[in-house]
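> attaching a predicted model along with its sequence, questions to come.
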Amino acid sequence: MKLTKIISVTALSSMMALSVSVANAFECKVKNASMAKPNGFPDRALTMIVPYGPAGGSGQIAAAMAEAVTELTGVSINRDHKSGGSGTVGMTAYMAAPTDGYTVLEHIDDASSAHALDSSKPHPGRDLIPLVTAQVTFSQIYIRSNETRYSDWPSFVKWVKAQDGKATIANVSKEGSMERVTMKFITDASNMSIQQISFDKGAPRYGALLGGQVDALYEQPGDVRKFLDSGDFKPILTIFNERPGVFADVPTHKEMGMDFEPLLRFRGFYVHKDAPADRVEWLKWAFQRGYCQDSYQKFNESKFMTVIDSYRDTEGSIELINATIPQYRAVYKQMGLDVK
Amino acid sequence: MGKLTKSHMIETAVWLLIAVIFFGFTFEFNQPIEIYIFGATGWPRVVIGLMLIVTFGNFYHHLKYGSTTQAGRVGIADDDEVGSYDNLAAVIKVLAVLGTPFLFALSLKPVGFYFATPFFIALIIVIFGERRWKWILCITALIYGLLLGLFMVVLNAPLPQGNTSPFYDYSALILRLNNDLQQLW
Amino acid sequence: MIENFIAGSSALFGDPFTLAIFFFGVIGGMLFGAIPGVSMLTLAAILLPFTSDLSPAQGVMLFAVIYCTGTYGGAITAILFNIPGAPENAPTAFDGYPMTKQGKSGKAVGAAVLCSAIGGVASALVMMAATQPLATWAIRNIGPPEIFALVFFGLAVASSVGGRTIWKGWLSVLLGLLIATIGQDPVGGINRFNFGFADLAAGIAFVPAILGFFAVSEIFVQAEKRATGTFNAPKVGMSFPTLFELWAQKIAVLRSILVGFFCGILPGIGATLAAFMGYGEAVRWSKDKESFGKGNIEGVISSETANNAATGAAMIPLLALGLPGGALTAMMVAVFQMHDLEPGPLVFYNSPDLIWVVFAAMFYANLSILFVGILETKTILYLLKIPFQFLAPLILLLASIGAYIGRGLVLDVMVMFLAGIIGFLLRRSGYSIPGIVLGIILGKIGEQNFAQGMQMVHYDIVAYLSRPICSLLILAGVLTLGVGVYQALRAPAKKA
């Protein structure tokens, strides 16, 4: 009881420190606080198609952004969660919806990797117009804080090698996903063999590490924040080119001698490329300015999304997408997948 | 042939057909998964295999005992006074009941909920035997109003809007009216 | 604990708005549970976006209350219309609907009211006392191998009730398992059995399947009876069971509380398995096995006590670990997250007041079933008086909306009507519709946990079975299965 209290106090103070630094650093890139509605658009609620369920990372960012945009513009946004098929079903439904600007889409980097594998799938930077990318984050490897067999990355690698392929790590259950591709990079670069256990939902994945069913966990920090704050998990490796301030004592993969470009998780909002130009301009303003709303910033902070720069406007998003697709395509070819 | 009837043979054939079709389709996705030796096909093929074995057990039971219920079974929820299908009207009626909802579901993507629903309500009422047109109109309007009131006005549920003109425009109109209505309070 | 409970109660009753939400949840859960075609999940899915306007305690409390009263409400339609409101009410229909046909609906509903309340209140009490220690135990001792073993045992039990023979019981379950493999595989995300339809990558969700098999197929059966002239109006009776009748069932109630609680605490399985196992155990221990399925009140009692006993238990992994046990508790996670909260070990330290408002609300919600339930049931009975040609389109449309709203896919509406047609055809042939549904629900959980378990033990069966809880459950499943097969091959059959 006492220990937990101490931990939560520490976590709380570090959170406060973080929020102070962010409050100082954050500067809204969109200067106009308002924008006239083009020919009365929108005169009814927008529909936001979210290709994932309401409880996951996408569901939460969709809720936070919808709230921010409504606060800003007074236009309500109905979220329509079309989950399933790793985001493909929602994307298909979106592409079939009318292109009048009343329907917008939330999607993640999976849309880019899906296009990299099969170019008949929509290109999120060409077939869609990115309104804003509102979360960009990196991955980490986690262990239990009370783990006694290893305590940091070098001792973990040593222990894994000694297990002769029997050590386990919890990961997502989609081949070719950012998570599984990165794990392949890591195992190849550190020359170890580890059994990945696939979980398609977050909660059981975290439960498996918490309950000692697996030895380590691959995840993004925002998703396991509660376990970091409670002191149950600790990161031992950051997969990013530099050490983010909050994780200053965790080494990066490059420092540990692994030479690959990190793949990032990013979540953003899109509209169909055929939507009327004046409406697109208004939507861009609403979503980019929505990013600056206090409520949205508070949300991003709580998800560790202010640790690195999470914001990309339309051009920045297209750049990010255009850099990501060839990266995946090269990996898929190397993995021997059927790239179309 | 024991107590085997024609319907038992059909029943067995249907199960065998399901097993064969699904087994055939497993070759479509028979690719290895790097981290799992049983791959994507392991589990479904075991299920199909078990299905095959149990189908033979079921066949054996029919052969030996016919349609009798096995002793010690509980919770059997069938109420089976099967109706007689001796007149054509009854057959058509039942087929209409089975088919209409499916047509409604098919229409949701292109036409949308808002436009398709009143027609569906009226059609079902007619198929179920109501012929007084005043009642048909009134009850259709009542149910349509009730559903719109609850799911659109009160709960703002995202229902299918359709994606072809003019049906989508009708949905847009209804939603705009809803928006105006909600602005009032 | 008592102080916390009093504090939670006064927070609940002290604020008129919170109290209003509580009553909205009680009535809403019962209504949506008891109206054929929609379920508590429909209401919850629709309400989810609006909870951001409530305080965290109000939001979570609302869902917890809907969970308790919705689980009871689903029994009403199971008994009166043979349409279980949720899969956990399916076994209630086994004996509840025959009772209605015998003019004893009042006795069945009365038993459901009382036993739901008893099961729920008992489970709420245990939940308050045991959430923390039990959660810690479960997270260390129940891993993927144990969950798979439990699924196996659950399916073995399900196959032994409902079908006319064990073969038909298993064919029903296997059909469900096969349907569950449609969509992406749980290890590699590879598309299976798409048959050329892109939307099938999303898989077959269980909500439309339940609505189709139970609600839609019942409408079809009624329509057929009208078309072919074999329709008999159900007799409505409102004579409630006597206290003596209920006292005689005390052992069944106690057994179901234990079964319900044990199943409910395990993530991902929850109340449905609880109800099936509660029913199955009642049959196993009964001296008069033959009377089950023909209107034995003990069947209703066992299933209804068990599923409400699971509601409190399901809150344990959710609140203590952040691990939801089913669709409704998963939505509660979303409610937490909308308020920048995460359910999990820290909730007990950061927001104890929230936890105790929720605990208190669940306690009173279960208690209120006793009073509001009886009143509401009398109202619901009037539904039976509405001419069927007017009730049918309403039920079909409510079911369509209920199927659509969960994932926003028209596919789900089609799946529902297709399931309705399959259910219509299978009903008269001695197959078990609840068996199919349980197969669909548990199929994916079973496959995923089997794969995870196998990966964890490196495909070593000995290591797998050396986990004591796992091997115990597998053994229980094999025994259930073995007894069934032995009876099928040896025991003489009786006339249908």
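Looks like it came in fine. Numbers count the residues shown, from 1 in each chain, chains lettered A, B, ... in the order given.
> could you use CA atoms for every contact and neighbour count after this?
OK.
> how about the residues of the stretch 51-200 of chain C by chain A?
C:139-141, C:143, C:183-184, C:186-191, C:198-200 (C-alpha under 8 Å from any C-alpha of the partner chain).
> out of these, which are buried?
The neighbour count (16 or more other C-alpha atoms under 10 Å in any protein chain shown) marks C:139, C:141, C:143, C:183-184, C:186-191, C:199-200 as buried among those.
> TSV please, covering these and showing distance to residue A:138, secondary structure and pLDDT.
Shown next, in TSV, are these (distance: C-alpha to C-alpha, whole Å; DSSP: H, G, I helix; E, B strand; the rest coil; pLDDT from 0 to 100):
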residue	distance to residue A:138	secondary structure	pLDDT
C:139	28	helix	71
C:141	32	helix	79
C:143	28	coil	82
C:183	29	strand	90
C:184	26	strand	89
C:186	24	coil	89
C:187	23	coil	89
C:188	22	coil	86
C:189	22	coil	85
C:190	25	coil	88
C:191	28	strand	89
C:199	31	helix	86
C:200	31	helix	89
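> how much space is there between the residue nearest to residue A:340 when sequence neighbours are not counted and residue A:339?
Closest residue to residue A:340 apart from its sequence neighbours, by C-alpha to C-alpha, 6 or more residues apart in numbering or on different chains: residue A:118 at 4.6 Å. According to C-alpha to C-alpha, to the nearest Å, residue A:118 and residue A:339 sit 6 Å apart.
> one step back: from chain B, how far off is the residue nearest to residue A:340?
16 Å (C-alpha to the nearest C-alpha, to the nearest Å).
> what's the answer for residue A:329, then?
Distance from residue A:329 to chain B, by C-alpha to the nearest C-alpha: 18 Å.
> buried residues in stretch A:252-267, which are they?
Buried-residue list, stretch A:252-267, by 16+ other C-alpha under 10 Å: A:252-254, A:258, A:262-267.
> and stretch B:29-36, by the same measure?
So stretch B:29-36, judged by 16+ other C-alpha under 10 Å, has buried residues B:29, B:33, B:35-36.
> tell me which two of these sit farthest apart.
B:29 and B:35 (16.1 Å; C-alpha to C-alpha).
> what about the residue in chain B that chain A sits nearest to, distance to residue B:149?
When scored by C-alpha to the nearest C-alpha, chain B has residue B:176 as its residue closest to chain A, at 5.2 Å. Applying C-alpha to C-alpha, the value for residue B:176 to residue B:149 is 14 Å.
> again with residue B:179
In terms of C-alpha to C-alpha, residue B:179 sits 13 Å off from residue B:149.
> neighbour-wise, which of those two wins?
Neighbours were counted for residue B:179 and for residue B:149 using other C-alpha atoms under 10 Å in any protein chain shown; residue B:179 has more, 19 against 14.
> helix, strand or coil for the more buried one?
helix (DSSP: H, G, I helix; E, B strand; the rest coil).
> check residue B:97 too.
Following three-state DSSP, the label given to residue B:97 is helix.
> and residue A:30, by the same measure?
Assigned state for residue A:30: coil (three-state reduction, three-state DSSP).
> now it: phi and psi?
The phi/psi pair for residue A:30 (degrees, to the nearest 10) reads phi -100, psi 120.
> cool, residue A:239 as well?
Main-chain torsions, residue A:239, degrees, to the nearest 10: phi -100, psi 80.
> how many neighbouring residues does the closest residue to residue A:195 other than its chain neighbours have?
The shortest distance from residue A:195 to any non-neighbouring residue, by C-alpha to C-alpha, 6+ apart, is to residue A:168 (4.7 Å). Residues within reach of residue A:168, counting by other C-alpha under 10 Å, total 23.
> any stretches of chain B with poor pLDDT?
The model of chain B has pLDDT under 70 over residues B:1-2, B:71-86, B:185.
> any idea how it splits into domains?
Annotated domains of chain B cover B:6-65, B:88-183 [automatic domain parsing].
> the first one: how far from the chain's middle?
Offset of domain B:6-65 from its chain centre (C-alpha atoms, centre = their mean, to the nearest Å): 23 Å.
> ditto for the longest one
Here domain B:88-183 shows a centroid-to-chain-centroid distance of 17 Å under the convention C-alpha atoms, centre = their mean.
> any idea which helix or strand comes after the helix or strand hosting residue C:154?
According to DSSP states H and E, residue C:154 maps onto helix C:144-159. Later in the chain than helix C:144-159, the nearest helix or strand by DSSP H and E is helix C:166-180.
> what about that following helix, near chain B?
Yes - against chain B, helix C:166-180 shows contacts by C-alpha under 8 Å from any C-alpha at C:166-168, C:170-171, C:174-175, C:177-178.
> among those residues, name the buried ones.
Buried residues within the residues of helix C:166-180 next to chain B, counting neighbours by 16+ other C-alpha under 10 Å: C:166-168, C:170-171, C:174-175, C:177-178.
> I'm done for today, thanks for sticking with me.
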